[in-house]
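1. mind looking at a prediction? Sequence and model below.
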Amino acid sequence: MDALGYIDCGDNRDTVLFPWVREIVLQRKPGSVLDFGCGDARFSVELARHVKGRVSAYDRDPHMREQARRRIAGEGNAAVSLCEEPGAGWTGVFDVVVMLGVWMCWRTHAECGENLALIARSLKPGGVLVASVTHPCFRNRTFATYRTDFDEDRYMANGTPFRVYVGTAGKEIVIEDFHWNLEAMITQVREAGLVLDILKEHADGPNGEAPSWLSLVLSKPACEPTGE
């Protein structure tokens with residue numbers, strides 16, 4: 001992915017998605033938050049202005065991590081720390097993990113499971129994951145700052161690749177995402193040991209006729225199952 005092109009494409013998640021996710025995070029009064037798949041860390045930096053706890057940011061793409069490093073340094077915001085790689089030091093550390101626009105990047109069911117299991121291990125008991133995806137039921141619609149070439153007739157074909165055109169006129173870029181329908185997502189969540197608490201559909205602006213984003217608030221049980 002062209003990191004600079006993606007950052008500069010002008011998508012509207014800042015107004016459609018970020019305010020709701022930020023409010024969910026603040027309701028938890030977290031002592032520690034991880035922005036998993038942080039991109040250029042613009043949401044990480046925004047969160048750090050509001051939460052009293054520590055904010056960590058991670059992205060698997062080294063080019064994105066470099067852009068995140070620059071943004072954090074430019075903001076002079078010592079409350080955000082950039083993680084180079086996930087590791088054993090994450091286990092049971094975070095009260096909240098946010099993951100915005102990442103799930104669609106995973107190519108296989110196994111990759112989805114591995115990443116969700118990593119996040120589940122990283123949460124404290126009773127912690128939550130707030131995950132947002134482009135809405136899998138409306139991929140054939142054209143929204144204000146993204147459209148796709150997804151064939152809705154393939155809704156049941158999980159793992160199907162499709163192209164996404166992101167951004168405003170003159171700044172649009174093309175990325176490849178992978179389709180996971182609602183059934184597949186809920187199955188992956190359960191396999192990771194997480195529980196669905198809230199499902200939120202985000203209208204694409206005040207007059208939106210269809211939701212462009214879908215958010216799931218998922219909790220890690222406070223107690224491990226007994227196995228009885």
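-> Perfect, thanks for sending it. Since the model is a prediction, treat every value here as computed from it, not as a measurement.

2. from here on, contacts and neighbour counts on C-alpha atoms
-> Fine.

3. ok, the helix or strand hosting residue 55: who's next to it in the sheet?
-> Assigned by DSSP states H and E, residue 55 belongs to strand 54-58. Strand 54-58 sits in its sheet next to strand 32-36 (parallel), strand 80-83 (parallel), going by DSSP bridges.

4. now tell me what touches the shortest one from outside.
-> By CA atoms under 8 Å, 6 or more residues apart in numbering, the list of residues contacting strand 80-83 from outside reads 44-45, 48, 54-59, 65, 68-69, 72.

5. now the element after that strand, going C-ward?
-> By DSSP H and E, the next helix or strand past strand 80-83 is strand 94-100.

6. if we can go back for a sec, right, and the strands paired with strand 54-58 - which one's nearest residue 124?
-> Distance to residue 124, taken as CA to CA, is lowest for strand 32-36 among the strands paired with strand 54-58, at 9.8 Å.

7. give the buried residues for the closest one.
-> 32, 33, 34, 35, 36 (16 or more other CA atoms under 10 Å).

8. now do stretch 65-75
-> In stretch 65-75, counting by 16+ other CA under 10 Å, buried: 65, 66, 67, 68, 69, 71, 72.

9. thinking again about what came up before, out of the strands paired with strand 54-58, which comes closest to residue 129?
-> Nearest of the strands paired with strand 54-58 to residue 129, taken as CA to CA: strand 32-36 at 9.4 Å.

10. which stretches of the protein form strands?
-> 32-36, 54-58, 80-83, 94-100, 123-134, 146-148, 161-166, 173-178, 195-203, 211-219 (DSSP state E).

11. including distance to residue 11 and mean pLDDT, could those go into CSV?
-> Formatted as CSV, those follow (distance: least, CA to CA, whole Å; pLDDT from 0 to 100):
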stretch, distance to residue 11, mean pLDDT
strand 32-36, 19, 97
strand 54-58, 20, 95
strand 80-83, 23, 93
strand 94-100, 13, 98
strand 123-134, 12, 98
strand 146-148, 7, 94
strand 161-166, 7, 96
strand 173-178, 10, 94
strand 195-203, 14, 97
strand 211-219, 12, 97
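
12. of those, which approaches residue 110 most closely?
-> strand 173-178 (13.1 Å).

13. and the angle for the closest one with strand 161-166?
-> 150 degrees (axes from the mean of the first three to the mean of the last three CA atoms, to 10 degrees).

14. each with direction, which strands does strand 173-178 pair with?
-> Short version: by DSSP bridges, strand 173-178 pairs with strand 161-166 (antiparallel).

15. how far does the partner strand sit from the chain's center?
-> On the basis of CA atoms, centre = their mean, to the nearest Å, strand 161-166 sits 17 Å off its chain's mean C-alpha point.
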